[in-house]
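1. next comes the sequence, and after it the predicted model I'd like to discuss.
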Protein chains: 2
Amino acid sequence: MSPSQSDLQDLAHKLRIHSINATQASNSGHPTSCASIAEVMSVLFFNTMKLDLKQPIHPSSDRFILSKGHAAPILYAAWAEAGLFPVSELLNLRKFGNDLEGHPTPRLNFIDVGTGSLGQGLSVGCGMAYVGKYYDQASYRVYVLVGDGESAEGSIWEALNFASHYKLDNLCVIFDINRLGQSEPTCLQHDMETYRKRVDAFGFNAIVVDGHDVGELIKAFDEASATKGKPTALLLKTFKGKHFPNIEDLENWHGKPLGTAAKGVLEHLNSLIRNKNVSLKPKPVTDDAPKVSISNIRLSAPPDYEPSAKIATRAAYGNAIAKIGKNNARVIALDGDTKNSTFSEKIKSASVAQYIECFIAEQNLVGVGMGVTCRDRTVAYVSTFATFFTRAFDQIRMGAISQSNLNFVGSHCGASIGEDGPSQMGLEDIALFRAIPGSTVIYPSDATSTERAVELVANTKGICYIRTSRPNTPILYDANTKFELGRSLVLRQSNTDKAVIVTGGVTLHEALKAHQQLAQQGINVRVVDIFSVKPLDVSGLKKNVTECGGNVVVVEDHYAAGGIGEAVSGALAQNISKFVHIAVTDVPRSGPPEVLLAHYKLDAQGITDKIKAALA
Amino acid sequence: MSPSQSDLQDLAHKLRIHSINATQASNSGHPTSCASIAEVMSVLFFNTMKLDLKQPIHPSSDRFILSKGHAAPILYAAWAEAGLFPVSELLNLRKFGNDLEGHPTPRLNFIDVGTGSLGQGLSVGCGMAYVGKYYDQASYRVYVLVGDGESAEGSIWEALNFASHYKLDNLCVIFDINRLGQSEPTCLQHDMETYRKRVDAFGFNAIVVDGHDVGELIKAFDEASATKGKPTALLLKTFKGKHFPNIEDLENWHGKPLGTAAKGVLEHLNSLIRNKNVSLKPKPVTDDAPKVSISNIRLSAPPDYEPSAKIATRAAYGNAIAKIGKNNARVIALDGDTKNSTFSEKIKSASVAQYIECFIAEQNLVGVGMGVTCRDRTVAYVSTFATFFTRAFDQIRMGAISQSNLNFVGSHCGASIGEDGPSQMGLEDIALFRAIPGSTVIYPSDATSTERAVELVANTKGICYIRTSRPNTPILYDANTKFELGRSLVLRQSNTDKAVIVTGGVTLHEALKAHQQLAQQGINVRVVDIFSVKPLDVSGLKKNVTECGGNVVVVEDHYAAGGIGEAVSGALAQNISKFVHIAVTDVPRSGPPEVLLAHYKLDAQGITDKIKAALA
């Protein structure tokens, strides 16, 4: 039986009251941003959505993302009112050690992804809806609540375009158009018609709704559920601080607890509640999502390259993603219209359903990637040129906060891509991915180790990154070689090594040539394939550094800051007596790869010269 | 006298021919992406735009940005045909050392900003148009040519929203809708009506044009110039590889020279040219932009704080930006609806015209910042929360390639922001800005040094970053203290120092307390204020490290990767005997600032404990 509109309205006021009490207790937070969405939260949680209190992220339950994460208190209040935890717990908001943080994170058992960096929730919702419609083929629906301020973020429009392109009719986006941003009114304020035109033009069933009218909201959500072939957007005309006398619709109340005004506001809200004992429950879940298993993912066949072959690691990624997808239909790849450069197209050729084209919109690409992996529904690989992940650094950062398990593959790293020039060269990608807490960063140097890297990250939690290269390079390893996270590989060594070269990718092959040049001149050096940039093989590197007299040469086709050199010197500072760091030192030019490598002393001759100078 | 349509059409074919010849010579590049825009380039350069060949980036000339930078060959061809350099030079495309690179950069004297990372040009154009309309109040117009593939980038829609909000009727954006992306057709292919609806809804005068009809193009540009109160968008229906027989409108021709097909295509194109001797000149410039001077920018008054005051460095930024703006009307600030948190609102309060609100759209915020500084028209400061610059890492990266002189101020750095939680904490901002080639990174620790940092970056080229903090902190320096790039400051020292603490910001104040605690226990340590993270004070730090027995303690409210610790260990590895790095080690929680600092051993007690353990 559906709840009465009167009860839903009363419950909305209770949510307002909880939001005020919680932010008063923490003496910080955003009560006015909660007040504008009280009615829609009440209707969603107690009339529209199907939820499971025993397993809040049940595979078959409806999904809800609060993209405007600063309204966290009312989200927490809704779950408390639903009965997930005691309402009294809300007063621990923002206390150190409590999971009711300032913005939602998956430390809470009812949160899929962290929000709080604005404009990101809708892309994640798109990923969830894509899985629901095309993979799970289940009845659950996805709701994303977006603030009007954050709708200025381009990522929102990337996501809207994606959702309509893929006809995600199981997705409903709700815009809370409360007119006021943080520091001034939004661009469009209450110009509902312009919102409607924009969202309609982006392919949505766009419905303008009085966001404080429970009856209108119920009707609109029903229409959304009944709409087939396109997603629906509810454009809610609301007021910030609604029902807070002398605060509603006024500026300068963003992100502030009500302070001394709280008492009067609470009295007013209590006076609005007709049924003081109102208590409602969410609808139960229809359990129709399939069981899936994404553990122990393996390549369908081991790497198999002719020892004399020359193959780019990006091409090996293509081989690997096709093979690893063959064994498990829940392994998928996503790309932003670079699939014929990153070679992610190989999985599409093998099995079209296991590929999602995200077009040229990297922020949404990463957000969708986060969405498809939620609730362990898929193992996903997101690929584009390494440098274009800078476009989504904020999303990747939020991925760590979201405890996302998502794999990234960046091709075209370094100056060695050649003629296309600096805008296409990944020269800061290692710095980016190393800066993500808990991340894994792998830099394979041949096709065999690339395939193994793809297999390793499939079974590794957190944000994982594989850096691939454009040029063709020789095979270094056979299929039986074991690769592990946190383990480097020694390729050349002797008892008289004067220095150790630590490197990966194309420059490893140059280092091997330098090793030979130097040996011909009577100078022995050790050559180490870094493979696992993060976690770093601190013990293995320490041993090699010590055995080579503390003389370390790091060579990397990357800028110096945040790369392999700093990882090594940061970890081994006290073991190093001489540190030679060969890296890209300025904005490169267009030119043939070998000329660019030589220019930055990243080629065999450059490495040889630098080592001889350092040892002189 | 205007050129004939026949001559303009002939010239378009000549541009096609040059694009083919150049990419044949380089054996790489994007001739088919040039072919779709041949007519519009001909009309723009030889009929519509006012250009100066003696000074291609003349303050009063029309601006042109090729946002789809991979079509560079036809842009180079247009300037060559205009007479800027010999047509024969086009055959040096993509050769190492030649400035005709794979994608345009300002190494060329006719390029304002680098393009090649897609979707960025329109934001830059918005910045230029804002300056033209509101600051220069001159007649020049801004033209931005955007590819249809890149129109999926959200940054394009952020920029469209900005342009219509500010009624930039001196801006004309041209969409080249050639139907094909890199790896497959675009989302909307030739659905011109959906493009029109979207761009119209975003507040533009949207005109659908046959992009290969010279007459229609001329008319549309005339309409754009005559349209007041709103910007105009030309939606060109075009074909990729237009007039290339057996290539036009076909897939799998992106980013490839024509190879053996070139000969036949060139013959066909030559057959289409009616006047083989066609030669046209751009219209001359109307020189009505004011002269501006942006050199030697100074604070209107020196920093003036009570020695006993406690003030956040973010608040000091507010004071400084107001003071530095007072002395020069071309000093401006831009923010993304966080001006009451970053304190950029102070310049708006002092002089409303010197502030540009960019709303919650950080990519466009940075792009507009790049645009307003082009041709040395302004000195600009872009501010938001430090962590939200991750949203615009790609734009900032392109800023270095663009040789932009742009200042960034990131507030709310580190875990010390407290209760708002990890999504709002800048913990990777130093890593981000250090990874930008040629960048300057300043981390001031009190209000006085913050004001001097603001003054320093006003007069420093390249990408400059100032990291500010949320908590109030004591004053360390008087107004006469000299601050320089590449110079650290020693705050505590003795002849018996057992270690040197290198730090900045809130943790410097903790280090000073730790110094005192340790001194009371008979352990002297040196305390160094890093101030200039990049360039790093290598010689000063080396001296202090050596004098302190090689024992270095770096404390930073930032993740370990790419931060101050790695900068120091990377530069001084061979001088370090013991290296203690105290940094944020995982995703922080919400909580009071002092509790979070204590949790990560970033407070006085934590620093004291770590040093005692290391020296034991």
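-> Thanks, I have the structure now.
2. would you mark the buried spots in the lengthiest helix in chain A?
-> In chain A, taking DSSP state H as the definition, the longest helix is helix A:5-26. Of the residues in helix A:5-26, A:7-26 count as buried by neighbour count, 16 or more other Cβ atoms under 10 Å in any protein chain shown. Using the backbone N, CA and C atoms, a C-beta is placed for each residue, glycine as well.
3. what mean pLDDT does that helix get?
-> Averaged across helix A:5-26, pLDDT comes to 98.
4. find the closest residue to chain B in chain A.
-> Residue nearest to chain B within chain A: A:Gly154 (2.2 Å; Cβ to the nearest Cβ).
5. now do the same contact list for that residue.
-> A:119, A:363, B:153-158, B:361, B:363-364 (Cβ atoms under 8 Å, 6 or more residues apart in numbering or on different chains).
6. could you redo the last one with a cut-off of 7 Å?
-> Residues near A:Gly154 by Cβ atoms under 7 Å, 6 or more residues apart in numbering or on different chains: B:153-155, B:157-158, B:361, B:363.
7. the nearest residue to A:Gly211 once chain neighbours are set aside pairs with what?
-> Spatial nearest neighbour of A:Gly211, excluding adjacent residues (Cβ to Cβ, 6 or more residues apart in numbering or on different chains): A:Leu236 at 3.0 Å. Using DSSP bridges, the bridge partners assigned to A:Leu236 are A:Asp176, A:Val209.
8. test my guess that A:Leu236 contacts A:Ala206.
-> No: counting by Cβ atoms under 7 Å, A:Ala206 is not a contact partner of A:Leu236; they are 11.7 Å apart.
9. that's a helix at A:Ile207, yeah?
-> No: secondary structure of A:Ile207 (DSSP: H, G, I helix; E, B strand; the rest coil): strand, not part of a helix.
10. next, count neighbours for it.
-> By other Cβ atoms under 10 Å in any protein chain shown, 21 other residues sit near A:Ile207.
11. ends of stretch A:113-121, how far apart?
-> Stretch A:113-121 has its terminal residues 8 Å apart, counting by Cα to Cα, to the nearest Å.
12. revised request: answer the last question for stretch A:87-101.
-> Start-to-end span of stretch A:87-101 (Cα to Cα) is 15 Å.
13. buried ones in it?
-> Within stretch A:87-101, judged by 16+ other Cβ under 10 Å, the buried ones are A:87, A:89-96, A:98-101.
14. filtering these by proximity to chain B, which remain?
-> Among the buried residues of stretch A:87-101, the residues within reach of chain B (Cβ under 7 Å from any Cβ of the partner chain) are A:94, A:96, A:101.
15. strands - which of those residues land there?
-> If you go by DSSP state E, those have nothing in strands.
16. make CSV from these and add distance to B:Ala479 to it.
-> Shown next, in CSV, are these (distance: Cβ to Cβ, whole Å):
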residue, distance to B:Ala479
A:Arg94, 38
A:Phe96, 38
A:Glu101, 41
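17. what's the closest of the residues you listed to A:Met1?
-> Among these, A:Glu101 lies closest to A:Met1 (Cβ to Cβ), at 35.5 Å.
18. excluding covalently adjacent residues, which one is nearest to that closest one?
-> B:Ser590 (3.9 Å).
19. now A:Phe85
-> A:Trp79 (6.9 Å).
20. wait, isn't that neighbour in contact with A:Asn109?
-> No: using Cβ under 7 Å, A:Trp79 is not in contact with A:Asn109; the gap is 9.4 Å.
21. neighbour count: the two, which is higher?
-> Each of A:Trp79 and A:Asn109 has its neighbours counted (other Cβ under 10 Å); A:Trp79 has more, 23 against 12.
22. please give the element, helix or strand, for the more buried one.
-> Assessed by DSSP states H and E, A:Trp79 sits inside helix A:72-82.
23. that helix - what's its average pLDDT?
-> Helix A:72-82 shows a mean pLDDT of 98.
24. buried residues, stretch A:539-546. List them.
-> For stretch A:539-546, the buried set under the neighbour-count rule, 16+ other Cβ under 10 Å, comprises A:540-541, A:544-545.
25. just stretch A:194-214 next, same as before
-> A:194-209, A:211-214.
26. export that stretch to PDB, keeping only CA atoms.
-> C-alpha atoms of stretch A:194-214 as PDB (Å, rounded to 0.1, in the frame of the first residue of the first chain):
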ATOM      1  CA  THR A 194      15.600  27.100 -20.300                       C
ATOM      2  CA  TYR A 195      16.500  24.100 -18.200                       C
ATOM      3  CA  ARG A 196      13.600  22.200 -19.900                       C
ATOM      4  CA  LYS A 197      14.800  23.200 -23.400                       C
ATOM      5  CA  ARG A 198      18.400  22.100 -22.600                       C
ATOM      6  CA  VAL A 199      17.500  18.800 -21.100                       C
ATOM      7  CA  ASP A 200      15.000  18.000 -23.800                       C
ATOM      8  CA  ALA A 201      17.500  18.900 -26.500                       C
ATOM      9  CA  PHE A 202      19.900  16.400 -24.800                       C
ATOM     10  CA  GLY A 203      17.300  13.700 -25.500                       C
ATOM     11  CA  PHE A 204      15.500  13.400 -22.100                       C
ATOM     12  CA  ASN A 205      11.900  13.300 -21.300                       C
ATOM     13  CA  ALA A 206      12.000  16.500 -19.300                       C
ATOM     14  CA  ILE A 207       9.300  17.300 -16.800                       C
ATOM     15  CA  VAL A 208       9.100  20.500 -14.800                       C
ATOM     16  CA  VAL A 209       7.800  19.800 -11.300                       C
ATOM     17  CA  ASP A 210       7.000  21.900  -8.200                       C
ATOM     18  CA  GLY A 211       9.700  20.200  -6.000                       C
ATOM     19  CA  HIS A 212       7.800  20.900  -2.800                       C
ATOM     20  CA  ASP A 213       4.500  19.300  -4.000                       C
ATOM     21  CA  VAL A 214       4.500  15.600  -2.900                       C
END
